[in-house]
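A.B. asks: coords please:
(one chain, ligands or ions: 1)
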Amino acid sequence: MGEAAEMTKPQTVAAPRPGEQTFDVRLRALIWEAPGVLSLELASLDGKPLPAFEPGAHIDVKLPDGTLRQYSLCGDPNDLSHYRLGIRAVTGGQSSGFVHRRLRPGDVLTVSTPRNNFPLVASKDYIFVAGGIGVTPFIPMMRELSARKGSWTLLYCNKRNEDAPFLKEIEALGGTLSLHASEAGTRLDVAQRLTTPQADTVVYCCGPEKLMLAVEEVTAGWPEGTVHFEWFAPRSRPSDQVSGAFEVVCAVSGITLSVPPEKSILEVMTEAGIDVPRSCEQGICGTCECRIIEGEADHRDSILSSSERAANQTMMTCVSRAKGARLVLDI
Ligand code: FES
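C.D. replies: Residues are numbered from 1 along each chain as shown. Down below sits the predicted model:
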(Lines give C-alpha, C1' and ligand atoms only; values in the text may rest on other atoms or scores of the structure.)
Protein backbone atom coordinates (compact mmCIF):
# COMPACT_ATOMS: atom_id res chain seq x y z
CA MET A 1 0.00 0.00 0.00
CA GLY A 2 1.53 3.19 -1.14
CA GLU A 3 -0.15 5.04 1.61
CA ALA A 4 -2.99 3.84 3.70
CA ALA A 5 -6.01 5.77 2.61
CA GLU A 6 -7.55 8.05 5.12
CA MET A 7 -9.92 5.68 6.79
CA THR A 8 -12.36 7.29 9.11
CA LYS A 9 -12.64 4.43 11.56
CA PRO A 10 -10.05 4.60 14.36
CA GLN A 11 -8.59 1.17 14.95
CA THR A 12 -6.75 -0.38 17.83
CA VAL A 13 -3.86 -2.79 17.63
CA ALA A 14 -5.20 -6.31 17.86
CA ALA A 15 -3.44 -9.54 18.57
CA PRO A 16 -0.78 -10.06 15.91
CA ARG A 17 -0.88 -13.09 13.62
CA PRO A 18 1.11 -16.09 14.78
CA GLY A 19 4.73 -15.21 14.04
CA GLU A 20 4.01 -11.50 13.92
CA GLN A 21 5.00 -9.06 16.62
CA THR A 22 4.57 -5.44 17.44
CA PHE A 23 7.44 -3.37 18.75
CA ASP A 24 8.46 0.23 19.32
CA VAL A 25 10.61 2.26 16.96
CA ARG A 26 11.94 5.78 17.13
CA LEU A 27 11.32 8.32 14.39
CA ARG A 28 14.89 9.26 13.52
CA ALA A 29 14.23 11.57 10.57
CA LEU A 30 11.45 13.31 8.64
CA ILE A 31 12.40 14.28 5.10
CA TRP A 32 10.46 16.25 2.45
CA GLU A 33 10.38 14.12 -0.70
CA ALA A 34 7.99 16.22 -2.78
CA PRO A 35 5.31 18.83 -2.13
CA GLY A 36 3.01 17.29 0.48
CA VAL A 37 5.05 14.11 0.83
CA LEU A 38 7.22 13.23 3.81
CA SER A 39 9.37 10.20 4.29
CA LEU A 40 9.73 8.83 7.79
CA GLU A 41 12.80 6.92 8.90
CA LEU A 42 12.09 4.56 11.80
CA ALA A 43 14.90 2.92 13.78
CA SER A 44 14.94 0.42 16.65
CA LEU A 45 15.19 1.80 20.18
CA ASP A 46 18.34 -0.20 20.96
CA GLY A 47 20.18 0.44 17.68
CA LYS A 48 19.88 -3.20 16.57
CA PRO A 49 18.80 -4.11 13.02
CA LEU A 50 15.06 -4.22 12.42
CA PRO A 51 13.25 -7.39 11.25
CA ALA A 52 13.96 -8.20 7.61
CA PHE A 53 11.45 -7.42 4.86
CA GLU A 54 10.97 -8.20 1.19
CA PRO A 55 10.15 -5.73 -1.57
CA GLY A 56 6.39 -5.07 -1.55
CA ALA A 57 6.00 -5.53 2.23
CA HIS A 58 4.13 -3.16 4.52
CA ILE A 59 3.90 -2.58 8.25
CA ASP A 60 1.11 -1.48 10.55
CA VAL A 61 1.85 1.77 12.32
CA LYS A 62 0.03 2.74 15.50
CA LEU A 63 0.04 6.49 15.66
CA PRO A 64 0.13 8.32 19.00
CA ASP A 65 -3.53 9.32 18.48
CA GLY A 66 -4.45 5.59 18.67
CA THR A 67 -5.18 5.06 14.98
CA LEU A 68 -3.65 2.17 13.08
CA ARG A 69 -2.52 2.52 9.48
CA GLN A 70 -0.71 0.37 6.94
CA TYR A 71 2.23 1.78 5.00
CA SER A 72 4.52 0.20 2.41
CA LEU A 73 8.18 -0.07 3.26
CA CYS A 74 10.00 1.97 0.63
CA GLY A 75 13.54 1.76 2.01
CA ASP A 76 16.29 -0.69 1.19
CA PRO A 77 15.73 -4.29 2.39
CA ASN A 78 19.52 -4.61 2.63
CA ASP A 79 19.73 -1.75 5.11
CA LEU A 80 17.85 -2.74 8.26
CA SER A 81 19.21 0.16 10.31
CA HIS A 82 15.83 1.76 9.64
CA TYR A 83 12.50 1.41 7.85
CA ARG A 84 11.38 4.15 5.50
CA LEU A 85 7.76 5.09 4.81
CA GLY A 86 6.40 7.67 2.36
CA ILE A 87 3.28 9.54 3.47
CA ARG A 88 1.36 12.11 1.49
CA ALA A 89 -0.75 14.68 3.30
CA VAL A 90 -4.32 14.00 2.19
CA THR A 91 -6.82 16.85 2.34
CA GLY A 92 -9.02 16.21 5.36
CA GLY A 93 -6.97 13.11 6.16
CA GLN A 94 -6.81 12.58 9.88
CA SER A 95 -3.77 10.30 10.01
CA SER A 96 -1.63 11.86 7.33
CA GLY A 97 -2.42 15.25 8.88
CA PHE A 98 -1.29 13.94 12.24
CA VAL A 99 1.93 12.62 10.74
CA HIS A 100 2.69 15.85 8.92
CA ARG A 101 1.74 18.26 11.68
CA ARG A 102 2.50 16.47 14.92
CA LEU A 103 5.15 13.81 14.51
CA ARG A 104 8.70 14.93 15.18
CA PRO A 105 12.08 13.16 15.24
CA GLY A 106 12.51 11.36 18.54
CA ASP A 107 8.85 10.32 18.80
CA VAL A 108 8.23 6.64 19.52
CA LEU A 109 5.70 4.65 17.47
CA THR A 110 4.49 1.06 17.69
CA VAL A 111 4.77 -0.94 14.49
CA SER A 112 4.18 -4.52 13.39
CA THR A 113 6.70 -6.86 11.84
CA PRO A 114 6.56 -6.60 8.02
CA ARG A 115 3.88 -8.44 6.10
CA ASN A 116 3.97 -8.99 2.34
CA ASN A 117 0.79 -9.30 0.28
CA PHE A 118 2.49 -7.89 -2.81
CA PRO A 119 5.58 -10.01 -3.48
CA LEU A 120 7.76 -9.67 -6.54
CA VAL A 121 7.09 -12.72 -8.70
CA ALA A 122 9.71 -14.18 -11.02
CA SER A 123 9.54 -12.77 -14.56
CA LYS A 124 11.78 -11.62 -17.38
CA ASP A 125 10.29 -8.15 -17.57
CA TYR A 126 8.23 -5.90 -15.30
CA ILE A 127 5.89 -2.98 -15.86
CA PHE A 128 5.09 -0.93 -12.75
CA VAL A 129 2.14 1.46 -12.94
CA ALA A 130 2.19 3.95 -10.09
CA GLY A 131 -0.11 6.83 -9.23
CA GLY A 132 1.68 9.37 -6.98
CA ILE A 133 2.54 7.98 -3.56
CA GLY A 134 1.46 4.55 -4.86
CA VAL A 135 5.05 4.30 -6.09
CA THR A 136 6.35 3.39 -2.63
CA PRO A 137 6.05 -0.43 -2.78
CA PHE A 138 7.80 -0.37 -6.16
CA ILE A 139 10.96 1.39 -4.99
CA PRO A 140 12.46 -1.68 -3.25
CA MET A 141 11.25 -3.86 -6.13
CA MET A 142 12.94 -1.68 -8.75
CA ARG A 143 16.09 -1.48 -6.62
CA GLU A 144 16.25 -5.25 -6.38
CA LEU A 145 15.63 -5.71 -10.10
CA SER A 146 18.30 -3.18 -10.99
CA ALA A 147 20.77 -4.93 -8.67
CA ARG A 148 20.03 -8.16 -10.58
CA LYS A 149 20.36 -6.34 -13.91
CA GLY A 150 16.68 -7.09 -14.51
CA SER A 151 14.47 -5.22 -16.95
CA TRP A 152 11.71 -2.93 -15.67
CA THR A 153 9.62 0.04 -16.74
CA LEU A 154 7.86 2.47 -14.44
CA LEU A 155 4.81 4.27 -15.79
CA TYR A 156 4.67 7.04 -13.22
CA CYS A 157 1.51 9.18 -13.06
CA ASN A 158 1.26 12.46 -11.18
CA LYS A 159 -0.52 15.77 -11.54
CA ARG A 160 2.81 17.40 -12.28
CA ASN A 161 6.16 15.69 -12.83
CA GLU A 162 7.84 18.04 -10.37
CA ASP A 163 5.50 16.71 -7.66
CA ALA A 164 6.47 13.07 -8.23
CA PRO A 165 7.73 11.62 -4.94
CA PHE A 166 11.19 10.00 -4.86
CA LEU A 167 11.79 10.90 -8.51
CA LYS A 168 15.56 11.51 -8.32
CA GLU A 169 16.07 8.27 -6.43
CA ILE A 170 14.04 6.36 -9.01
CA GLU A 171 15.90 7.95 -11.93
CA ALA A 172 19.18 6.79 -10.36
CA LEU A 173 17.99 3.17 -10.33
CA GLY A 174 18.44 2.95 -14.05
CA GLY A 175 15.26 1.32 -15.36
CA THR A 176 12.98 2.74 -18.04
CA LEU A 177 10.96 5.63 -16.66
CA SER A 178 7.90 7.04 -18.38
CA LEU A 179 6.50 10.14 -16.68
CA HIS A 180 2.87 11.13 -17.08
CA ALA A 181 1.52 14.44 -15.81
CA SER A 182 -2.19 15.14 -16.06
CA GLU A 183 -1.72 18.92 -15.82
CA ALA A 184 0.77 18.82 -18.69
CA GLY A 185 -1.60 16.79 -20.87
CA THR A 186 0.63 13.71 -20.85
CA ARG A 187 -1.78 11.49 -18.96
CA LEU A 188 -1.03 7.76 -19.28
CA ASP A 189 -3.00 6.07 -22.04
CA VAL A 190 -3.60 2.88 -20.11
CA ALA A 191 -5.39 1.11 -22.94
CA GLN A 192 -2.68 1.91 -25.45
CA ARG A 193 0.13 0.74 -23.15
CA LEU A 194 -1.43 -2.28 -21.51
CA THR A 195 -4.28 -3.83 -23.48
CA THR A 196 -2.08 -6.29 -25.34
CA PRO A 197 -0.40 -8.90 -23.12
CA GLN A 198 3.37 -8.84 -23.45
CA ALA A 199 5.42 -12.01 -23.40
CA ASP A 200 7.37 -12.81 -20.21
CA THR A 201 6.11 -9.61 -18.61
CA VAL A 202 4.21 -8.96 -15.41
CA VAL A 203 2.34 -5.79 -14.43
CA TYR A 204 2.17 -4.28 -10.96
CA CYS A 205 -0.17 -1.41 -10.16
CA CYS A 206 -0.68 0.78 -7.09
CA GLY A 207 -2.34 4.16 -6.94
CA PRO A 208 -5.72 5.86 -6.79
CA GLU A 209 -8.80 3.72 -7.42
CA LYS A 210 -9.50 5.32 -10.81
CA LEU A 211 -6.09 4.26 -12.10
CA MET A 212 -6.35 0.79 -10.56
CA LEU A 213 -9.77 0.16 -12.11
CA ALA A 214 -8.57 1.37 -15.51
CA VAL A 215 -5.57 -0.96 -15.40
CA GLU A 216 -7.73 -3.82 -14.18
CA GLU A 217 -10.12 -3.31 -17.07
CA VAL A 218 -7.56 -3.09 -19.86
CA THR A 219 -5.44 -6.00 -18.57
CA ALA A 220 -8.41 -8.37 -18.36
CA GLY A 221 -6.96 -10.37 -21.26
CA TRP A 222 -3.53 -10.88 -19.68
CA PRO A 223 -2.74 -14.42 -18.52
CA GLU A 224 -3.74 -15.34 -14.98
CA GLY A 225 -1.12 -14.34 -12.42
CA THR A 226 0.60 -11.70 -14.55
CA VAL A 227 -1.17 -8.58 -13.21
CA HIS A 228 -0.89 -7.61 -9.56
CA PHE A 229 -2.60 -4.86 -7.57
CA GLU A 230 -1.98 -3.31 -4.19
CA TRP A 231 -5.08 -1.50 -2.95
CA PHE A 232 -4.43 1.04 -0.26
CA ALA A 233 -8.10 1.78 0.18
CA PRO A 234 -10.94 -0.71 -0.12
CA ARG A 235 -12.14 -0.96 -3.68
CA SER A 236 -15.69 0.21 -4.33
CA ARG A 237 -18.41 -2.38 -4.14
CA PRO A 238 -21.85 -2.27 -5.69
CA SER A 239 -24.11 -0.59 -3.15
CA ASP A 240 -26.79 -3.22 -3.67
CA GLN A 241 -24.59 -6.09 -2.59
CA VAL A 242 -26.80 -8.29 -0.42
CA SER A 243 -25.59 -9.09 3.09
CA GLY A 244 -27.74 -11.86 4.50
CA ALA A 245 -27.33 -13.72 7.77
CA PHE A 246 -25.42 -17.00 7.86
CA GLU A 247 -23.76 -19.41 10.23
CA VAL A 248 -20.04 -19.79 10.90
CA VAL A 249 -18.61 -22.89 12.50
CA CYS A 250 -15.24 -22.18 14.13
CA ALA A 251 -13.73 -25.66 13.87
CA VAL A 252 -10.77 -25.17 16.21
CA SER A 253 -12.74 -23.36 18.91
CA GLY A 254 -15.70 -25.70 18.51
CA ILE A 255 -18.14 -22.77 18.48
CA THR A 256 -20.97 -22.13 16.02
CA LEU A 257 -21.90 -18.49 15.52
CA SER A 258 -24.71 -16.62 13.82
CA VAL A 259 -23.51 -13.71 11.69
CA PRO A 260 -26.25 -11.10 11.20
CA PRO A 261 -26.32 -8.86 8.10
CA GLU A 262 -25.01 -5.83 9.97
CA LYS A 263 -21.94 -7.49 11.47
CA SER A 264 -18.75 -8.97 10.07
CA ILE A 265 -17.55 -12.50 10.81
CA LEU A 266 -14.59 -10.91 12.57
CA GLU A 267 -16.83 -8.85 14.85
CA VAL A 268 -18.98 -11.83 15.76
CA MET A 269 -15.96 -14.03 16.46
CA THR A 270 -14.38 -11.32 18.61
CA GLU A 271 -17.60 -10.90 20.59
CA ALA A 272 -17.59 -14.66 21.18
CA GLY A 273 -14.13 -14.40 22.71
CA ILE A 274 -12.18 -15.82 19.77
CA ASP A 275 -8.91 -13.95 19.41
CA VAL A 276 -8.68 -13.23 15.70
CA PRO A 277 -5.68 -11.27 14.41
CA ARG A 278 -6.78 -8.08 12.66
CA SER A 279 -5.47 -4.75 11.55
CA CYS A 280 -7.15 -2.70 8.78
CA GLU A 281 -10.64 -4.24 9.14
CA GLN A 282 -11.27 -3.11 5.55
CA GLY A 283 -10.03 -6.06 3.54
CA ILE A 284 -6.75 -4.53 2.44
CA CYS A 285 -4.03 -5.86 4.77
CA GLY A 286 -4.52 -9.64 4.94
CA THR A 287 -4.10 -9.96 8.72
CA CYS A 288 -7.46 -11.62 9.37
CA GLU A 289 -7.12 -14.20 6.58
CA CYS A 290 -8.63 -17.52 7.60
CA ARG A 291 -8.65 -20.94 5.95
CA ILE A 292 -12.01 -22.21 4.70
CA ILE A 293 -12.79 -25.82 5.52
CA GLU A 294 -16.33 -25.97 4.12
CA GLY A 295 -18.76 -23.64 2.39
CA GLU A 296 -18.26 -20.91 -0.20
CA ALA A 297 -17.06 -17.42 0.64
CA ASP A 298 -18.51 -14.24 -0.82
CA HIS A 299 -15.16 -12.45 -1.18
CA ARG A 300 -15.28 -8.70 -0.61
CA ASP A 301 -11.63 -7.96 0.11
CA SER A 302 -9.17 -6.05 -2.05
CA ILE A 303 -6.32 -8.57 -1.78
CA LEU A 304 -7.15 -11.95 -3.29
CA SER A 305 -6.78 -12.43 -7.03
CA SER A 306 -9.65 -13.83 -9.08
CA SER A 307 -8.00 -17.27 -9.11
CA GLU A 308 -7.52 -17.18 -5.35
CA ARG A 309 -11.17 -16.25 -4.94
CA ALA A 310 -12.22 -19.08 -7.19
CA ALA A 311 -10.01 -21.51 -5.26
CA ASN A 312 -12.05 -20.63 -2.13
CA GLN A 313 -9.28 -21.72 0.21
CA THR A 314 -9.03 -18.64 2.42
CA MET A 315 -11.05 -15.51 3.14
CA MET A 316 -10.71 -12.17 4.93
CA THR A 317 -13.10 -12.37 7.85
CA CYS A 318 -13.28 -8.59 8.35
CA VAL A 319 -15.25 -7.97 5.14
CA SER A 320 -16.04 -11.21 3.31
CA ARG A 321 -19.20 -13.16 3.92
CA ALA A 322 -20.83 -16.49 2.99
CA LYS A 323 -22.51 -17.28 -0.30
CA GLY A 324 -24.57 -20.00 1.33
CA ALA A 325 -26.08 -20.55 4.76
CA ARG A 326 -22.94 -21.93 6.43
CA LEU A 327 -19.18 -21.67 6.49
CA VAL A 328 -16.72 -23.80 8.43
CA LEU A 329 -13.48 -21.98 9.21
CA ASP A 330 -10.15 -23.22 10.51
CA ILE A 331 -10.14 -21.10 13.62
FE1 FES B 1 -7.03 -6.33 7.23
FE2 FES B 1 -9.00 -8.10 7.50
S3 FES B 1 -8.04 -6.97 9.04
S4 FES B 1 -7.86 -7.65 5.71
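A.B. asks: And the most far-flung residue of the chain relative to its centre, its phi and psi?
C.D. replies: Relative to the centre of the chain, the most outlying C-alpha is that of residue 254, 32.5 Å out, by C-alpha atoms, centre = their mean. Backbone geometry at residue 254, expressed as degrees, to the nearest 10, gives phi 70, psi 30.
A.B. asks: how much space between it and residue 170?
C.D. replies: 52 Å (C-beta to C-beta, to the nearest Å). The way it works is simple: take the backbone N, C-alpha and C, and place the C-beta from them, glycine included.
A.B. asks: now the helices for the stretch 101-250 of the chain?
C.D. replies: With helices called from DSSP state H, counting those that start in this stretch, the stretch 101-250 of the chain shows them at 138-147, 167-173, 190-194, 209-218.
A.B. asks: Most tightly packed of the ones you listed?
C.D. replies: helix 138-147 (a mean of 22; mean count of other C-beta atoms under 10 Å).
A.B. asks: Which other helices and strands does it contact?
C.D. replies: strand 125-131, strand 151-158, helix 167-173, strand 201-206 (3 or more C-beta pairs under 8 Å, 6 or more residues apart in numbering; DSSP states H and E).
A.B. asks: Let's have these in JSON lines, adding mean pLDDT and distance to residue 96.
C.D. replies: What follows is the helices and strands packed on helix 138-147, written out as JSON lines (pLDDT from 0 to 100; distance: least, C-beta to C-beta, whole Å):
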{"stretch": "strand 125-131", "mean pLDDT": "98", "distance to residue 96": "16"}
{"stretch": "strand 151-158", "mean pLDDT": "98", "distance to residue 96": "17"}
{"stretch": "helix 167-173", "mean pLDDT": "97", "distance to residue 96": "20"}
{"stretch": "strand 201-206", "mean pLDDT": "98", "distance to residue 96": "17"}
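A.B. asks: For residue 74, which of those is the nearest?
C.D. replies: With C-beta to C-beta as the measure, helix 167-173 is the member of the helices and strands packed on helix 138-147 nearest residue 74 (9.3 Å).
A.B. asks: tell me which parts of the stretch 201-331 of the chain are close to the ligand?
C.D. replies: Within the stretch 201-331 of the chain, the positions lying close to the ligand (C-beta under 6 Å from any ligand atom) are 278-281, 283-288, 301, 316, 318.
A.B. asks: Of these, just say which sits nearest to residue 158.
C.D. replies: residue 284 (22.6 Å).
A.B. asks: ok, that closest one - how many residues close by?
C.D. replies: 27 (other C-beta atoms under 10 Å).
A.B. asks: Next one, pLDDT for it please.
C.D. replies: The model reports residue 284 with a pLDDT of 91.
A.B. asks: ok so, going back, next step: the residues of the stretch 201-331 of the chain next to the ligand restricted to strands.
C.D. replies: Secondary structure from DSSP state E places residue 316 of these in strands.
A.B. asks: Now do the strand ranked longest in the chain and strand 151-158, the angle between them.
C.D. replies: Longest strand of the chain, by residue count under DSSP E: strand 22-34. Compare the direction of strand 22-34 with that of strand 151-158 by axes from the mean of the first three to the mean of the last three C-alpha atoms, to 10 degrees and you get 70 degrees.
A.B. asks: chain center to whichever helix or strand comes after strand 22-34: distance?
C.D. replies: Scanning forward in sequence from strand 22-34 by DSSP states H and E, the next helix or strand is strand 37-44. Its chain's C-alpha centre and that of strand 37-44 lie 18 Å apart, by C-alpha atoms, centre = their mean, to the nearest Å.
A.B. asks: Return the list of strands paired to strand 37-44, each annotated with direction.
C.D. replies: strand 22-34 (antiparallel), strand 83-88 (antiparallel) (DSSP bridges).
A.B. asks: Most tightly packed of those strands?
C.D. replies: Comparing these by mean neighbour count (mean count of other C-beta under 10 Å), strand 83-88 comes out on top with a mean of 25.
A.B. asks: what's it in contact with?
C.D. replies: 2-3, 25, 33, 36-42, 50, 53, 59, 61, 71-76, 96, 99-100, 111, 132-133, 135-136, 165-166 (C-beta atoms under 8 Å, 6 or more residues apart in numbering).
A.B. asks: Please tabulate the helices of the stretch 101-250 of the chain in TSV and include distance to residue 329 as additional columns.
C.D. replies: Converted to TSV, those look like this (distance: least, C-beta to C-beta, whole Å):
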stretch	distance to residue 329
helix 138-147	33
helix 167-173	42
helix 190-194	37
helix 209-218	28
